[in-house]
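**Q** Could you work out the structure for the sequence below:
(one chain, ligands or ions: 1)
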Amino acid sequence: METGKLVVLGSINADHILNIEQFPRPGETVIGKQYNVAFGGKGANQAVAAGRSGANIAFIACVGADDIGERIRQQLATDRIDTRPIEAIAESTTGVALIFVNAEGENVIGIDAGANAAVTPEYLSRYQQTIINADALLMQLESPLETVIAAAQLAKQHGTQVILNPAPACALPDDLLAMIDIITPNETEAQRLTGIAINDDQDAARAANVLHDKGIGCVLITLGSRGVWLSENGNGRLVPGFKVRAVDTIAAGDTFNGALVTGLLEGKAMNDAVRFAHAAAAIAVTRPGAQPSVPWREEIDAFLQQQESNC
Ligand code: RIB
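**A** Here you go, the predicted structure:
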């Protein structure tokens, strides 16, 4: 299929995942039910979601000079990702995420950036041609903010569309927001960026308008199992998600973002790209872990066909 070029700039983590009944309270120790190490990181998860769903994608990132970093890099190459802009940083360890998953499939996460901190503006300058040559740049906020800003500036100067998934939640300078074409916060991140708590569609519409006023044409506020509030230049509507039995929501948002950009770069209309991304995320939440849960294109197409035949 004819598709535009995507570059993802972001993080790579080794996820240490412990399944427990309930999250511990301060001072409490809980006994886990299951422990796994899986490949993750918001940047890598989104890159994998894009690669597996059919994008033509390169990934700018860093791993540590350790065994797990090398294994992650090899795995990413099998996910149809151009991994040449991923370097191993001497004397650094690969980023780590410590994740608790409770019986409801919810998670809490703590991160050590490790080699992700080496994705500096100087590092970026080695791969600027990759951004210049791309049609779209997808980023998150697990990389140094100054690098995210520098990459957005470069993309803007060369007509590369800028998509930001503003996770984890963080206040952002107006200069950066003004360079973004599409932003995809969840409810918490939207509140952090706009000061508006998202309790219903009206709140989502108001928050989207605040982001439009900062210069962002397209705002997608993800609302968990309800779907997304999609607002294009102030015209907002809810695009519902698919109902599935969730076992683990790790990387659901990442899968949504990667698949969304794949759909857009194939020329899908925004509504169809959102449906495609909803399908990918719906499959991901039925499986444990971050990258192990991300579906391939054939699975997404089959899921959508099944949904249509159920209508
Ligand atoms: O979004 C999920 C991801 O957040 C995990 O894979 C973890 O590494 C953290 O980056």
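**Q** Tell me which residue is most central in this protein.
**A** residue 254 (3.1 Å; C-alpha atoms, centre = their mean).
**Q** Quickly note the distance from residue 180 to the ligand.
**A** From residue 180 over to the ligand the distance is 19 Å, taken as C-beta to the nearest ligand atom, to the nearest Å. Where you see a C-beta, it was placed from the backbone N, CA and C, and this is true even at glycine.
**Q** Would you agree that residue is in contact with residue 216?
**A** Yes. With contacts counted by C-beta atoms under 8 Å, residue 180 reaches residue 216, the gap being 5.0 Å.
**Q** Neighbour count for those two, which is higher?
**A** Between residue 180 and residue 216, residue 180 has the larger neighbour count (other C-beta atoms under 10 Å), namely 25 against 22.
**Q** check contacts around that one.
**A** 152, 162, 163, 164, 215, 216 (C-beta atoms under 8 Å, 6 or more residues apart in numbering).
**Q** Using the three-state scheme, assign residue 100.
**A** For residue 100, the assignment made with DSSP: H, G, I helix; E, B strand; the rest coil gives strand.
**Q** Who does it form a beta bridge with?
**A** residue 18, residue 108 (DSSP bridges).
**Q** and the closest residue to the ligand within the chain, bridged to which residues?
**A** Residue nearest to the ligand within the chain (C-beta to the nearest ligand atom): residue 40, separated by 2.4 Å. Beta-bridge partners of residue 40, counted by DSSP bridges, are residue 13.
**Q** so what pLDDT did it get?
**A** We note a pLDDT of 96 for residue 40 in this prediction.
**Q** how many neighbours does it have?
**A** Residues near residue 40, counting by other C-beta under 10 Å: 31.
**Q** sec struct for residue 44, please.
**A** With three-state DSSP as the basis, residue 44 sits in helix.
**Q** does it really touch residue 14, like I thought?
**A** No. Using C-beta under 8 Å, residue 44 is not in contact with residue 14; the gap is 10.1 Å.
**Q** what's the overlap in contacts for those two?
**A** With C-beta under 8 Å, 6+ apart as the test, residue 44 and residue 14 both reach residue 72.
**Q** hmm, stretch 86-105 touching the ligand?
**A** Yes. For stretch 86-105 and the ligand, the contact criterion (C-beta under 6 Å from any ligand atom) is met by residue 97.
**Q** Show me which positions of that stretch end up buried.
**A** Within stretch 86-105, the residues that count as buried by 16 or more other C-beta atoms under 10 Å are 86-89, 92-97, 99-101, 105.
**Q** Span of that stretch from start to end?
**A** The straight-line separation of the ends of stretch 86-105 (C-alpha to C-alpha, to the nearest Å) is 31 Å.
**Q** and residue 238, that one's in a helix?
**A** No. Checked against three-state DSSP, residue 238 lies outside a helix; its state is strand.
**Q** Assign residue 147 to helix, strand or coil.
**A** Classified using three-state DSSP, residue 147 is helix.
**Q** Surely it touches residue 9?
**A** Yes. In terms of C-beta under 8 Å, residue 147 counts as a neighbour of residue 9; the distance is 7.3 Å.
**Q** Quick check on the two: which one has the bigger neighbour count.
**A** Legend: neighbour count by other C-beta under 10 Å for residue 147 and residue 9, higher for residue 9 (28 against 22).
**Q** doesn't residue 43 make contact with that one?
**A** Yes. Residue 9 is within contact range of residue 43, at 6.8 Å (criterion: C-beta under 8 Å).
**Q** any shared contact partners between these two?
**A** With C-beta under 8 Å, 6+ apart as the test, residue 9 and residue 43 both reach 59, 61, 139, 143.
**Q** could these be laid out in JSON lines, adding secondary structure, neighbour count and pLDDT?
**A** JSON lines is the format used below for the shared contacts of residue 9 and residue 43 (DSSP: H, G, I helix; E, B strand; the rest coil; neighbours: other C-beta atoms under 10 Å; pLDDT from 0 to 100):
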{"residue": "59", "secondary structure": "strand", "neighbour count": "30", "pLDDT": "98"}
{"residue": "61", "secondary structure": "strand", "neighbour count": "30", "pLDDT": "98"}
{"residue": "139", "secondary structure": "strand", "neighbour count": "27", "pLDDT": "98"}
{"residue": "143", "secondary structure": "coil", "neighbour count": "27", "pLDDT": "98"}
